[in-house]
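Chemist: Give me the fold of what follows.
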Amino acid sequence: MVEAKKQVAEPKKLMERLEKYDRDNIQEKVTDKLGQFLKENPNFTPAFVANASTAAKGLCLWVLAMYKYNLVNKVKYRCFFEFNCCSPLHH
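Modeler: From the prediction side, this is the model:
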């Protein structure tokens with residue numbers, strides 16, 4: 001919690017870290033934990049979080065976007081892998 005407070009206390013640094021976040025290499029354990037968090041906290045939505053602050057809404061949108069991006073990326077790569085391995089064009 002202390003670390004989170006430090007990061008939020010320096011908004012410019014936090015924004016830089018969010019912009020540079022490596023969305024293509026999110027560890028599976030992170031997405032698994034986030035998926036569990038989202039199941040247990042259905043109110044983690046931009047509309048609900050906006051009641052706390054506009055900044056919280058922005059972070060919520062970012063978190064959800066990264067999560068969804070990761071899910072789509074997994075499907076995209078799995079389809080690509082399966083097509084390349086199973087396509088009659090490659091046998």
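
Chemist: what's the least confident helix or strand in the chain by mean pLDDT packed up against?
Modeler: For the chain, using mean pLDDT, DSSP states H and E, the weakest element among its helices and strands is helix 2-9, scoring a mean of 72. If contacts are counted by 3 or more Cβ pairs under 8 Å, 6 or more residues apart in numbering; DSSP states H and E, helix 2-9 sits against helix 11-20. (C-beta placed from N, C-alpha, C; glycine too.)

Chemist: Could you list the buried residues of the helix it packs on?
Modeler: Leu14 (16 or more other Cβ atoms under 10 Å).

Chemist: What is the subsequent helix or strand relative to that helix?
Modeler: Following helix 11-20 in sequence order, the next helix or strand is helix 28-40 (DSSP states H and E).

Chemist: elements contacting whatever helix or strand comes next after that following helix?
Modeler: Downstream of helix 28-40, the next assigned helix or strand under DSSP H and E is helix 46-49. Contacts defined by 3+ Cβ pairs under 8 Å, 6+ apart place helix 46-49 against helix 54-86.

Chemist: count of neighbours near Ala56?
Modeler: 15 (other Cβ atoms under 10 Å).

Chemist: ok, and the closest non-adjacent residue to it?
Modeler: Val49 (4.7 Å; Cβ to Cβ, 6 or more residues apart in numbering).

Chemist: Enumerate every residue touching that neighbour.
Modeler: If a contact means Cβ atoms under 8 Å, 6 or more residues apart in numbering, then Val49 has Ala56, Lys57, Leu59, Cys60 as its contacts.

Chemist: From these, keep the buried residues only.
Modeler: Those of the contacts of Val49 that meet the buried threshold are Lys57, Leu59, Cys60, by 16+ other Cβ under 10 Å.

Chemist: Can you tell me how far the residue lying closest to the second one once chain neighbours are set aside is from Lys57?
Modeler: Looking back up the chat, that one is Leu59. Nearest residue to Leu59 in three dimensions, chain neighbours excluded: Val49, at 7.8 Å (Cβ to Cβ, 6+ apart). Note on Val49: its distance to Lys57, by Cβ to Cβ, to the nearest Å, is 5 Å.
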